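> output the structure for:
(one chain, ligands or ions: 3)
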Amino acid sequence: MLWKKESSESGERFVDLFESIDEKGRQAVDRLILDEMKVYETCKGNIVSNEWRRLGTECFHSENWLQALTYYNRSLRHAEVGSESVALAYTNRSACFFQLKRYKEAITDIELALGSANLPAKWIPILKARKKKCHQILSNLIQLKKNEPKLSYKSNKNHPYIANVLKIRYTDKDDNHLVATRDIPVGKTVLLEEDYLSSYKWEHACETCWVPGEKTSLIPCNECALVTFCSTKCQKMNRTHKLECGSVLNAEHATTNRLIIQSILRAIATFHNIKSLMEFVGKILLEVSKKLPDSTLDEKSMYHCFFKLERDNVLHDEQLPTIYQLYRFIMKMPKVNVMFETEEKRRFLMHLVAHHFNIVMEHSYDLRHGKVLPLFTSRLGHSCAANLMLIIGNDYQFCITCRPVKKGEMLCYSYLPITMPMEKRHAALKLGFKITCKCDDCVLPTLPIDSELITLDTDYRFIMKNYTSNVYCPVERECIEFLNKFGHLWSSEIRSIYIIYLTTTYSLHSAKY
Ligand SMILES: [Zn+2]
Ligand SMILES: [Zn+2]
Ligand SMILES: [Zn+2]
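Numbering: from 1, shown residues only. Ligands and ions are numbered 1, 2, ... in the order given. This next block holds a predicted model:
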């Protein structure tokens, strides 16, 4: 059982979760961790850096710009601070960006190279000429405005990720749901959130905001050879890397484990010291209900919200070795280790790792090129004929209404595509989510529908006549009109239009963002 104390007196230590792991088991885990750390050489060194640059230049000459970019980024991460290798990595990368027609990034790299110490003088005129060329090309291009999804309403004043037409309702079943505070028509963006936790598989991406190395001029961490940032702003904003720098678990292999470690580091970084983190968690553990905090405006309340994603506080014995490994890995980080100097604090950390482990295992999911855990989307329930569709673009995830929502109605999205054959869908819902779905599509509603009324509808006829699976198929507006009229009902005709709306909107938005 999680969070059990050694005795009932207050102030007693938590029980030792790892008591059952014998010395042999402990040594095996420590060896594993050491190996992991060795493989990914976290120390900088110009010999390694220069070798990656040489490989990068080979790729560059065979016009494999993206591969060259990856190698130059590696070279940069390994280059010793202030050395010629840093300057040359920026110089060469600027040529890659130029070839990839990313002129802004090329200019940034040229400036970084020119600003680097020990740049060989012969490169200065070459870089200046390249910069001039970039500016010329850029001034000839029409600058495209950056697309960013926006909430269709003002944001909720206590929970900035959701629109002010939604609220969190705490039910008598000890559950939290997102519900509408007024009628909402189809086509409105009502939830737009950044991930609370994310771990990226690509080694050349910003550690903070995930923007991949092809799209931005990454700068390396000054201390280790594993991590890069897209800007000094992202470098400053990232509080967790400071704690793990020098002992990062490689993301290629263990995205789930990285997410758990990250969640612990984020919790530590949220509080002044471990004592206040312990007090905060202690208070949450005393709360009897699962009710969420009244706001998610600051880091502490977001952590509160995260912490409460775990419902049962159970410890599964078969997962103990993994939890122990994670705990040991965290304790191997020198900056973290010193914070847990007493047995009382270490016992607390054991339970915290197990608690976070349960949350991440249940609520994180694979997206794009990594794993994420958003706070609000994680709480949405399922319906095959849902009133929300979840859109995952390159940099965002957000929800758009796809059926009219009545005041007081609960918001949900479909965990599986509605186009999946019903039997298969039901089996997968049961197996993966323990859900027996009773939505309009699974249990056809008994409400009589005059199908002639629908087939004679002008929007219906327009959509049926003009729909093609082309991305830019212009039926989105008619679908919205139609669903606003009939979307609260359900029939095979309505289902067809519903699916067309999902398909059209999804491709439109994921192409845009
Ligand atoms: Zn960034
Ligand atoms: Zn670092
Ligand atoms: Zn269903």
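> what does the one helix or strand residue 260 maps to rub up against?
With elements taken from DSSP states H and E, the one containing residue 260 is helix 255-270. The contact list for helix 255-270, computed with Cβ atoms under 8 Å, 6 or more residues apart in numbering, reads 196-199, 201, 239-240, 242-244, 249, 251, 274, 277, 299-300, 303, 306, 322, 326, 329-330, 336, 339, 349, 352-353, 356-357, 359-361, 364, 366, 370-371, 373. In short, each C-beta sits where N, CA and C put it, glycine included.
> mind checking which of these are buried?
With neighbours counted by 16 or more other Cβ atoms under 10 Å, the contacts of helix 255-270 contain buried members at 196-199, 201, 240, 243-244, 249, 251, 274, 277, 300, 303, 306, 322, 326, 329-330, 336, 339, 349, 352-353, 356-357, 359-360, 364, 370-371, 373.
> just the ones of the residues you listed in strands?
197, 198, 199, 370, 371, 373 (DSSP state E).
> now, the contacts of helix 255-270 that are in helices?
Taking DSSP state H as the definition of helices, the contacts of helix 255-270 contribute 240, 242-244, 274, 277, 299-300, 303, 306, 322, 326, 329-330, 336, 349, 352-353, 356-357, 359-361.
> surely residue 482 touches residue 460?
Yes. Using Cβ atoms under 8 Å, residue 482 is in contact with residue 460, at 5.8 Å.
> between those two, which one's more packed in?
residue 482 (26 against 22; other Cβ atoms under 10 Å).
> leaving out the residues flanking it, which one is nearest to that one?
residue 459 (4.0 Å; Cβ to Cβ, 6 or more residues apart in numbering).
> residue 290 now?
Nearest non-adjacent residue to residue 290 (Cβ to Cβ, 6+ apart): residue 174, at 5.0 Å.
> run a quick neighbour tally on the one you found.
11.
> per-residue pLDDT of it, please?
pLDDT, residue 174: 72.
> doesn't residue 289 make contact with it?
Yes. With contact defined as Cβ under 8 Å, residue 174 counts as touching residue 289 (6.0 Å).
> can you tell me the element residue 12 falls in?
Going by DSSP H and E, residue 12 is not in any helix or strand.
> tell me how far it lies from residue 344.
Separation of residue 12 from residue 344 (Cβ to Cβ, to the nearest Å) stands at 9 Å.
> now residue 326
Counting by Cβ to Cβ, the gap from residue 326 to residue 344 is 20 Å.
> what residues sit buried inside stretch 456-464?
Neighbour counts over stretch 456-464 (16+ other Cβ under 10 Å) mark 457, 459, 460, 462, 463, 464 as buried.
> just stretch 77-94 next, same as before
The neighbour-count check on stretch 77-94 (16+ other Cβ under 10 Å) flags 77-79, 83-94 as buried.
> and that stretch, how far from the chain's centre?
Relative to its parent chain, stretch 77-94 has a centroid offset of 30 Å by Cα atoms, centre = their mean, to the nearest Å.
> okay, now the domains of this protein?
Here the domain parsing of the chain from automatic domain parsing is 23-34+239-373, 46-139, 166-193+376-512.
> okay, the ones you listed in JSON lines with distance to residue 214 next?
Output for these, formatted as JSON lines (distance: least, Cβ to Cβ, whole Å):
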{"stretch": "domain 23-34+239-373", "distance to residue 214": "12"}
{"stretch": "domain 46-139", "distance to residue 214": "6"}
{"stretch": "domain 166-193+376-512", "distance to residue 214": "11"}
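> which of these is buried the deepest?
Highest mean neighbour count of the domains of the chain: domain 46-139, a mean of 19 (counted as mean count of other Cβ atoms under 10 Å).
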